[in-house]
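Structure for the following, please:
(chains A and B)
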There are 2 protein chains.
Amino acid sequence: MRARELHLNVNLLHSGVYPSAWRLPGSQSDAFVDIAHFIRVAHVAERGKLDAIFFADTPAINDRLDYRPLNALEPTIVLASVAAATRHIGLIATASTSYNEPYNLARRFASLDLVSGGRAGWNVVTTADAAAGRNFGRDGAPEHGDRYARAREFTEIVHALWDSWEDDAFVGDKASGRFVDTAKVHPIRHRGTHYRVEGPLTVPRSPQGRAVTVQAGGSEDGRELAAATADAVFSLAQTIPDGVAYAQDLRARAARYGRAPGSIVILPGLATVIGSTEAEAKRRQDALWDLVLLEYSLARLAGTLQVPLDRLELDKPLPDPLPLPANANHTMFRATVALARRDNLTVRQLLKALGGGVGHRILVGTPEGIADDIEAWFRAGAADGFNLMPDVLPDGLDTFVDAVVPILQSRGLFRTDYAGTTLRDHLGLPRPASRFARPRGASLSA
Amino acid sequence: MRARELHLNVNLLHSGVYPSAWRLPGSQSDAFVDIAHFIRVAHVAERGKLDAIFFADTPAINDRLDYRPLNALEPTIVLASVAAATRHIGLIATASTSYNEPYNLARRFASLDLVSGGRAGWNVVTTADAAAGRNFGRDGAPEHGDRYARAREFTEIVHALWDSWEDDAFVGDKASGRFVDTAKVHPIRHRGTHYRVEGPLTVPRSPQGRAVTVQAGGSEDGRELAAATADAVFSLAQTIPDGVAYAQDLRARAARYGRAPGSIVILPGLATVIGSTEAEAKRRQDALWDLVLLEYSLARLAGTLQVPLDRLELDKPLPDPLPLPANANHTMFRATVALARRDNLTVRQLLKALGGGVGHRILVGTPEGIADDIEAWFRAGAADGFNLMPDVLPDGLDTFVDAVVPILQSRGLFRTDYAGTTLRDHLGLPRPASRFARPRGASLSA
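The predicted structure is shown next:
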């Protein structure tokens, strides 16, 4: 058995995870629409032997555009372009189950897997955002339970479509003129509660069999979806005990679906602000925080908590009690409130601790300190690795790759080169067999 | 005024337009899923200074996979990859209005336009295919008129979304922290018969303002859609008089929408089989035809005509009369029947004239002869250029670029280098202003 390995993805953000990253003197302010920027980040990630780049997405403008960049471009388009300019790095794109057709989505990711030589991943989201709903004929987002019921069925359809060609269905025999053995290309005949999809997919089985399925499930429904279907999760945890509890819960759920303990790679988000000394790191954090507009970060916090702006007083703690909102990102809500309560932070202190809208855990320190933290989480079982969110891009990733990665490598925690060619290889995940594959000679039951 | 210019696209097919192309000794049989093949074809097209590569699509397996390759991969994924490997060539992808959400499609093509530096085109199709319907919760295709009513509304929404950011909405002022001037980013608030879409798009206005809109409208509804919305059409014509009649009809319709005569570039499909002598070209045609399986080409003809297979007798003419089928590709039907009747062909002769399933006009000859034909169509006003469909790829395109293009250039018909950078530049089309752009100082009416 291969030793347990650390895995590192990086979020392919515009100018960096800090909402103010674009304002730094060295930043390219229009990076969010420049493919050269995304390719540059991918090259740095590949130089650092990272597992994958990860592209978040919402099909709507759901943040304060007047203050900060957004994920403007459609992720699979960007990653298909990045694929042509890279050789190893995994390519994970977010796509919503609430606002796509499963046949189209399955095709797009199978195509991305083929054009990238087996490096595609699909991050499954249900899109809680009300503005997104209004772009797709609705007055707002579908209700939480409904979104997840659809997501479950949707994901099953996508996986079945990815299996619809057996691995050896393509023949290509010039002499006989036999192109495909159509007995090995199967309709899926899905007739469910929300969808009817006949299949087969137009796309032959891709290098990974199935693109890697990623999920960011924090709610009860989200965890069930991840336990049943995900190869990796992009989780949110602020402390090692939180991370351990989440991992234990998720692995127990996965076991109830008959899955092995190591079958899901757990990767919490981790924002990094790196300096060569603690003081330099803190100065960098201060500089980024000073450029965050207070009005923006307050509005964002109010959005996460779903409270009116005037209930947040800068130099007081959060209102108490704060009821869990019905239709919001529950994981983000809980982590934010826990962070504030734990250290009894004022709203102003909380905003800084949140990086003015970073959302995930922020680690401010030296390369050595950051490597120590990563190792501690990894050894405690709180994480199999991280979804890195550098403060500024490509700068913050450059530093991570040049200063933190070598420490992790010298400790035997992280690869010094890619051992395989696919994202599944990088993540240590097996290539699944097609559900339609039969032992030779066996007959198909109807 | 710039002299009228010839325009040449090439269909980015798997192994070539002949269903038997993959069986030639020099062909790569799995080219249909190899991104390196598509990039190779794009490089040849770029070497020949062609306007664009064109990728057809149906989101279903709708042909005889046992005999021939299909367009397996999702076109925008392929073209986003090709974009990263090319600099000039236009990138036109087909996408269906019946099986996509307008917001997603607008985003995908605006993103492709941005990552390619302004080279994207959208070929609007309504997808008559019944198998496609079954992949999207239907028992078959929606009815013809319904498909086109949706397509019209869909296209209007996409165009409005492409306008939703004014050209100068992005500010990126680091000093003030002003990222975007949100007064210049507009919801479209579309509430129509088939769709409700709020907008704005997540994507800033792209280099071309709007990606080039292509249409392949042959039916009455299709022509109206093209006249109202298209920048270019991929038409089907077997003779110069057919081509002239189509062009006159389309331009008259466009004029009724207040559009200028030159505002639509008309490009009939043209399959080419090139030899250095007439005899060599005919031998090449025979070799390709000999490798087409008769059973396949007969079934395909029966599908086009929507008649049972047993009504087609190989050594007799087509059945007479043949009623126009209610829900099929009317243009293809009419052109096929006209070709058979004109020369009083038997079914067998018709199959060979159709290249065993090529569909469009096939020109078999020398580079000089092919250049003469292209010039004759162009000067007669039957075409502004062609959508080339080489018999075999990349081989047939190599020959076209090396042997036919220089003749067209020496006659002053075709560019010797790209004059601009965008697909609109290549096609001689203006960059449209955003419908939301106002003279400075003017106030917005509600």
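
CA atoms for contacts and neighbours, from now on please.
Fine.

care to break chain A down by domain?
Residue ranges for each domain of chain A read A:7-159+A:193-274+A:361-427, A:293-354, as given by automatic domain parsing.

Check the residue in the stretch 301-446 of chain A that chain B sits nearest to and give its pLDDT.
Across the stretch 301-446 of chain A, the shortest distance to chain B (C-alpha to the nearest C-alpha) belongs to residue A:356, at 13.9 Å. Model confidence at residue A:356, expressed as pLDDT, equals 83.

next one: residue A:13
Reading off the per-residue confidence, residue A:13 sits at a pLDDT of 89.

most packed of the domains of chain A?
Of the domains of chain A, the one with the most neighbours on average (mean count of other C-alpha atoms under 10 Å in any protein chain shown) is domain A:7-159+A:193-274+A:361-427, at a mean of 22.

Any chance of JSON lines for the domains of chain A, columns distance to chain B?
JSON lines is the format used below for the domains of chain A (distance: least, C-alpha to the nearest C-alpha, whole Å):
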{"stretch": "domain A:7-159+A:193-274+A:361-427", "distance to chain B": "4"}
{"stretch": "domain A:293-354", "distance to chain B": "8"}
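
Please produce TSV containing those, extended by distance to residue B:275.
Written out in TSV, the entries for the domains of chain A read as follows (distance: least, C-alpha to C-alpha, whole Å):
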stretch	distance to residue B:275
domain A:7-159+A:193-274+A:361-427	33
domain A:293-354	64
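
what's the least confident stretch among these?
Taking each of those in turn, the one with the lowest mean pLDDT is domain A:293-354, at a mean of 90.

ends of it, how far apart?
From the first residue to the last, domain A:293-354 extends over 13 Å; the measure is C-alpha to C-alpha, to the nearest Å.

contacts for whatever helix or strand residue A:77 lives in?
Counting by DSSP states H and E, the element that carries residue A:77 is helix A:75-85. With C-alpha atoms under 8 Å, 6 or more residues apart in numbering or on different chains as the contact definition, helix A:75-85 has outside contacts at A:35, A:38-39, A:42, A:55-57, A:91-94, A:108-109, A:112, A:115-116, B:76-78, B:80-85, B:108, B:111-112, B:115.

do that again at 7 Å, thanks
Taking contacts as C-alpha atoms under 7 Å, 6 or more residues apart in numbering or on different chains, the residues outside helix A:75-85 that touch it are A:35, A:39, A:55, A:91, A:93-94, A:112, A:116, B:77, B:80-81, B:83-85, B:108, B:111-112.

Repeat that for stretch A:207-224.
Under the contact criterion C-alpha under 7 Å, 6+ apart, stretch A:207-224 has outside partners A:109-110, A:113-114, A:117-118, A:120-125, A:148, A:159, A:162, A:226, A:230-235, A:250, A:253, A:330-331, A:422, A:424, A:431-433.

helices or strands next to the strand ranked longest in chain A in the packing?
Ranked by residue count and defined by DSSP state E, the top strand of chain A is strand A:265-274. Using 3 or more C-alpha pairs under 7 Å, 6 or more residues apart in numbering or on different chains; DSSP states H and E as the contact criterion, the neighbours of strand A:265-274 among helices and strands are strand A:232-235, helix A:278-290, strand A:361-365, strand A:385-390.
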